[in-house]
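J.: Sequence below, structure please.
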Amino acid sequence: MIRAVSSYVLVDRLQFAFTITFHYLFPIGTMGLGLFIAYLKTVSYLGRPDRRFRLLRKSDEERDAHESAARFWAKIFAITFAIGVVTGIPMEFEFGTNWAVLSNYAGGVIGQTLSLEGTFSFILESAFLGIFLAGRTRVGPRAHWISALAIFIGSWLSGFFIIATDAFMQHPVGYARSGNKVHLTSFWKLMTNPWLVWQYPHNMGGAALTGAFVLAAMGAFYLLAGKHERFAKLCVRIGVVGALIFAILQIFPTGDQQGSNVYRYQPATFASMEGVFATQRGAPLVIIGNPDTQTRQLESTIALPKLLSFLTSHDFTTTVKGLDSIPTNLWPSSVPLVYYSYHIMVGLGTLLLGLALIATYLLWRRKLFENRLVLWALMIAFPFTYIANIAGWVTAEVGRQPWVVYGLLRTSAAASPSSSVPAGLGIFTLLGFCGLYLMISILYVVLILRIVAQGPEDVPATPRSTVPEPAPEPAGV
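T.: Residues are numbered from 1 along each chain as shown. Predicted structure coming up:
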């Protein structure tokens with residue numbers, strides 16, 4: 001164990017895994033909430049009876065509720081965004097300090113997308129977030145609505161460029177080798193990477209699912225506490241419907257098609273995810289099992305016969321390639337971790353879909369707001385959306401091993417030399433990050449609890465100007 005921890009590459013991997021996992025908890029929130037803030041503000045702005053959008057038309061009271069909800073969630077978005085920025089900065093330095101070989105090798109490609117992400121994240125999101133929070137009485141209603149849309153677009157564009165970066169590392173396209181480096185030959189190919197086409201909507205669907213359950217959880221909390229009933233019912237209603245929509249989309253088509261990508265381009269990852277040790281025709285879909293890499297078999301399994309073959313090619317007799325046909329030096333570094341993280345993601349996704357179905361049915365029957373059991377379930381379900389998202393990323397990133405750029409650069413060769421960043425220094429800074437992020441976590445929780453304790457404001461959909469009306473002129477003048 002001591003010898004393993006002394007490996008500078010392992011320490012670099014642990015440090016990056018910790019910092020990026022902690023950081024990603026906040027973009028999940030901003031990308032998920034950004035969508036619903038834009039929707040709430042759109043209904044508030046375009047929902048007047050004189051507007052042509054009939055589906056969005058609401059009464060003045062309903063529009064006020066949507067406006068109040070948009071303002072409430074924008075406060076939480078702002079704090080989450082700020083913490084996300086702070087925790088994202090160290091990773092930029094880690095590319096140069098801990099992963100200098102990777103930066104030198106692939107910087108000509110991934111530097112393009114990472115710089116674009118920084119531009120949209122820091123400039124577009126932060127500028128329009130400031131306008132939305134502070135400019136409600138300083139800009140017109142249309143500009144205020146546009147700022148909400150820009151917050152949503154900025155957060156999802158940031159997500160796009162990050163996913164584009166990861167998609168290149170998962171399935172390199174649009175590049176050429178130049179000595180010991182690669183450089184970009186086609187920005188268009190990079191942006192239309194077949195891996196990106198389905199990874200992006202699947203990832204953003206996971207964030208939107210999280211946002212939906214966060215809305216539903218907050219509404220359920222207030223209903224159970226007997227506070228802010230109008231706001232609570234609105235959040236529960238939008239949350240459960242959104243959760244149902246995105247839970248379905250996570251399974252089909254995005255999850256199905258992304259699984260096909262893994263099957264096509266990363267057979268070792270796919271075999272590890274599904275626990276397929278032996279190549280077989282008519283492979284079963286394992287629901288529960290324990291992978292044993294020593295005996296190369298799954299133990300204590302519950303499986304559906306031939307279903308895995310059908311899901312990969314819509315043919316029950318298709319042969320699925322197992323790990324036995326792949327050299328062991330090309331297996332993921334931890335087959336059990338890939339298997340368990342994938343099944344945690346799928347299992348939680350299935351449970352969340354079931355809860356969304358039940359809640360939506362009760363909402364349709366007008367019984368949801370009085371059903372305390374389901375409200376409790378909605379309130380405690382939202383942390384599991386974060387776990388499912390992180391488990392999905394663990395599946396993707398550990399499954400890609402032993403490559404950091406798939407098929408081109410191994411992880412063991414991508415780290416900075418041990419003479420530059422020895423293992424001891426990596427452990428020291430990792431412990432420092434743990435302490436710092438603990439304090440950041442406490443600060444974040446305290447700030448969020450203050451907002452929750454204050455509750456939503458009663459804000460009219462169309463604010464009155466702060467400029468005083470001019471005095472009427474005397475008659476006869």
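
J.: low-confidence ranges in the protein?
T.: With pLDDT under 70 as the threshold, the chain has low-confidence stretches at 1-6, 52, 461-477.

J.: one more time with 50, if that's ok
T.: 1-6, 464-470, 472, 475-477 (pLDDT under 50).

J.: Domain-wise, how is it divided?
T.: Each domain of the chain is listed here as a residue range: 20-192+417-464, 250-407, per automatic domain parsing.

J.: mind listing the strands for the stretch 201-350 of the chain?
T.: For the stretch 201-350 of the chain, strands defined by DSSP state E, counting those that start in this stretch occupy the ranges 280-281, 285-292, 297-304, 319-320.

J.: helices or strands up against the helix or strand containing residue 75?
T.: Taking DSSP states H and E as the definition, residue 75 sits inside helix 60-97. Counting contacts by 3 or more Cβ pairs under 8 Å, 6 or more residues apart in numbering; DSSP states H and E, helix 60-97 is packed against helix 8-46, helix 100-119, helix 126-134, helix 141-170, helix 229-251, helix 423-454. C-beta here means a position set from N, CA and C on the backbone, and glycine is covered the same way.

J.: Switch those helices over to TSV; also include mean neighbour count and distance to residue 287.
T.: Conversion of the helices and strands packed on helix 60-97 to TSV gives the following (neighbours: other Cβ atoms under 10 Å; distance: least, Cβ to Cβ, whole Å):
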stretch	mean neighbour count	distance to residue 287
helix 8-46	22	27
helix 100-119	18	37
helix 126-134	18	43
helix 141-170	21	26
helix 229-251	22	15
helix 423-454	14	35
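
J.: tell me, how many neighbours does residue 307 end up with?
T.: For residue 307, the neighbour count with other Cβ atoms under 10 Å is 16.

J.: Kindly state the beta-bridge partners for the residue lying closest to it once chain neighbours are set aside.
T.: In space, residue 307 comes closest to residue 285 once its chain neighbours are excluded; the distance is 3.8 Å by Cβ to Cβ, 6 or more residues apart in numbering. With beta bridges defined as DSSP bridges, residue 285 has these partners: residue 304.

J.: Out of the strands of the stretch 201-350 of the chain, which is closest to residue 194?
T.: strand 319-320 (20.5 Å; Cβ to Cβ).

J.: now that closest one, how far from the centre of its chain.
T.: Mean C-alpha position of strand 319-320 versus that of the full chain (Cα atoms, centre = their mean, to the nearest Å) differs by 31 Å.

J.: in its sheet, what does it sit against?
T.: As assigned by DSSP bridges, strand 319-320 forms pairs with strand 280-281 (antiparallel).

J.: Can you name the residues that contact the residue lying closest to residue 430 once chain neighbours are set aside?
T.: Nearest non-adjacent residue to residue 430, counting by Cβ to Cβ, 6+ apart: residue 15, 4.5 Å away. Remark: with contacts taken as Cβ atoms under 8 Å, 6 or more residues apart in numbering, residue 15 is in contact with 94, 98, 426, 429, 430, 433.

J.: List the residues that contact the fifth one.
T.: Applying Cβ under 8 Å, 6+ apart to residue 430 gives the contacts 11, 14, 15, 18.

J.: Out of the residues you listed, the closest to residue 318 would be?
T.: For the contacts of residue 430, the residue nearest residue 318 by Cβ to Cβ is residue 14; the value is 38.1 Å.

J.: residues contacting that closest one?
T.: 426, 430.

J.: One more pass at 10 Å, please.
T.: Under the criterion of Cβ atoms under 10 Å, 6 or more residues apart in numbering, the contact partners of residue 14 comprise 5, 7, 426, 427, 430.

J.: With residue 12 instead?
T.: Taking Cβ under 10 Å, 6+ apart as the criterion, residue 12 is in contact with 94, 97-99, 411, 414-416, 418, 421, 423, 426, 430.

J.: wait, which of those residues is closest to residue 130?
T.: Among those, residue 94 lies closest to residue 130 (Cβ to Cβ), at 28.8 Å.

J.: ok, the closest one - how many residues close by?
T.: Here the number of neighbours of residue 94 (other Cβ under 10 Å) works out to 21.

J.: Reformat the contacts of residue 430 as a markdown table; add distance to residue 375.
T.: Listed next are these as a markdown table, based on distance: Cβ to Cβ, whole Å:
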| residue | distance to residue 375 |
| --- | --- |
| 11 | 45 |
| 14 | 40 |
| 15 | 40 |
| 18 | 35 |
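
J.: ok, so of the residues you listed, who is nearest residue 109?
T.: Here the nearest of the contacts of residue 430 to residue 109, counting by Cβ to Cβ, is residue 15; it sits at 23.5 Å.

J.: Tell me how far that closest one lies from residue 9.
T.: Residue 15 sits 11 Å away from residue 9 when distances are taken as Cβ to Cβ, to the nearest Å.

J.: Which residues are in contact with each of the two?
T.: Residues touching both residue 15 and residue 9 (Cβ under 10 Å, 6+ apart) are 98, 426.

J.: these two touch, right, residue 345 and residue 203?
T.: No - with the criterion set as Cβ atoms under 10 Å, residue 345 and residue 203 do not qualify as a contacting pair; they are 11.9 Å apart.

J.: shared neighbours of the two, anything?
T.: Listed as contacting both residue 345 and residue 203 by Cβ under 10 Å, 6+ apart are 250, 389, 392, 393, 396.

J.: Looking at those residues, state which has the most neighbours.
T.: Neighbours here are counted as other Cβ under 10 Å. On that basis the top member of these is residue 250, with 27 neighbours.
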